[in-house]
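In: Structure, please.
(2 chains)
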Amino acid sequence: EAGVAQSPRYKIIEKRQSVAFWCNPISGHATLYWYQQILGQGPKLLIQFQNNGVVDDSQLPKDRFSAERLKGVDSTLKIQPAKLEDSAVYLCASSWGGTSGNTGELFFGEGSRLTVL
Amino acid sequence: AQSVTQPDIHITVSEGASLELRCNYSYGATPYLFWYVQSPGQGLQLLLKYFSGDTLVQGIKGFEAEFKRSQSSFNLRKPSVHWSDAAEYFCAVGSNDMRFGAGTRLTVKP
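Out: All right, here's what the predicted structure looks like:
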């Protein structure tokens, strides 16, 4: 079974530039998450999708971050304009997310490491 | 609101020694609890999870964890550590709204 795919693995940009990250979840997983992991910290949830609808985006800095999950499969996370403090690894995860029998287990991609100079 | 505390930022143990990583949580209902491991440059891999039932849960790679409701804890243990266990370990709580602790970095001495 293919895992969660993310790209690019690494990205270096200057502040005020824009960047986009892509995620393809495990086939059949209804729930998709974007986490931000700053060096030395645990992952912080940015946004959660159930199919193509947003469940939780309370911690997403909406003035600069946006995310979409068109057609309920792939997702894109965009940052515009980037700030120095956005340097982090952006992790995508997916789960089965059904209304019953949801084990809650998240499957993670390898992450996209962003460096903002 | 749910939260997770991992009191130890960094732990060093000798290969073959036993290991215990601490995790305390705050959650309004019966929690779903998880331990994940992250090797350098890799994503997070699930070690084990607790939903209900037996409070001692077994995971992969010889790890186990015990849920103690009275102490709001879910500590991870391994009787004998291997050099390949060196990694970052994260405790998490929740189900569809999972929250992670800050992590404990494990170093294994030869």
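In: Chain A contacts on chain B?
Out: Neighbours of chain A within chain B, by C-beta under 8 Å from any C-beta of the partner chain: B:4, B:6, B:32, B:34, B:36, B:41-46, B:49, B:51, B:90, B:94-103. All C-beta spots, glycine's among them, are computed from the backbone N, C-alpha and C.
In: All the strands of chain B, in order from the start?
Out: For chain B, the strands defined by DSSP state E occupy B:3-5, B:10-14, B:19-21, B:24-26, B:33-38, B:44-50, B:56-58, B:64-68, B:73-78, B:87-93, B:99-100, B:104-109.
In: re earlier: mark which of the residues of chain B next to chain A are buried, thanks.
Out: Those of the residues of chain B next to chain A that meet the buried threshold are B:4, B:6, B:32, B:34, B:36, B:43-44, B:46, B:49, B:90, B:94-103, by 16 or more other C-beta atoms under 10 Å in any protein chain shown.
In: Need the per-residue pLDDT for the closest residue to B:Ser73 other than its chain neighbours.
Out: The shortest distance from B:Ser73 to any non-neighbouring residue, by C-beta to C-beta, 6 or more residues apart in numbering or on different chains, is to B:Asn24 (5.3 Å). At B:Asn24, the pLDDT value in this model is 96.
In: Next one: B:Asn24 relative to B:Asp8, how far apart?
Out: 11 Å (C-beta to C-beta, to the nearest Å).
In: who's more crowded, these two?
Out: B:Asn24 (18 against 15; other C-beta atoms under 10 Å in any protein chain shown).
In: Just confirm that one contacts B:Thr5, I think it does.
Out: Yes - the criterion here is C-beta atoms under 8 Å, and B:Asn24 meets it with B:Thr5 at 4.6 Å.
In: Can you report how many residues lie near residue 27?
Out: This is for chain A. Number of residues near A:Ser27 (other C-beta under 10 Å) recorded here: 9.
In: let's do chain B instead
Out: B:Tyr27 has 16 neighbours, counted by other C-beta under 10 Å.
In: these two touch, right, it and B:Gln2?
Out: Yes - using C-beta under 8 Å, B:Tyr27 makes contact with B:Gln2 at a distance of 4.5 Å.
In: if I look at these two, which residues touch both of them?
Out: By C-beta atoms under 8 Å, 6 or more residues apart in numbering or on different chains, B:Tyr27 and B:Gln2 have these common neighbours: B:93-94.
In: so who does residue 2 touch?
Out: By default, I'm working from chain A. Counted by C-beta under 8 Å, 6+ apart, A:Ala2 has contacts A:26-27.
In: not quite, I wanted chain B
Out: B:Gln2 is in contact with B:25-28, B:31, B:93-94, B:97, B:99, counting by C-beta under 8 Å, 6+ apart.
In: try 10 Å
Out: By C-beta atoms under 10 Å, 6 or more residues apart in numbering or on different chains, the contact set of B:Gln2 is B:25-29, B:31-32, B:92-94, B:97-99.
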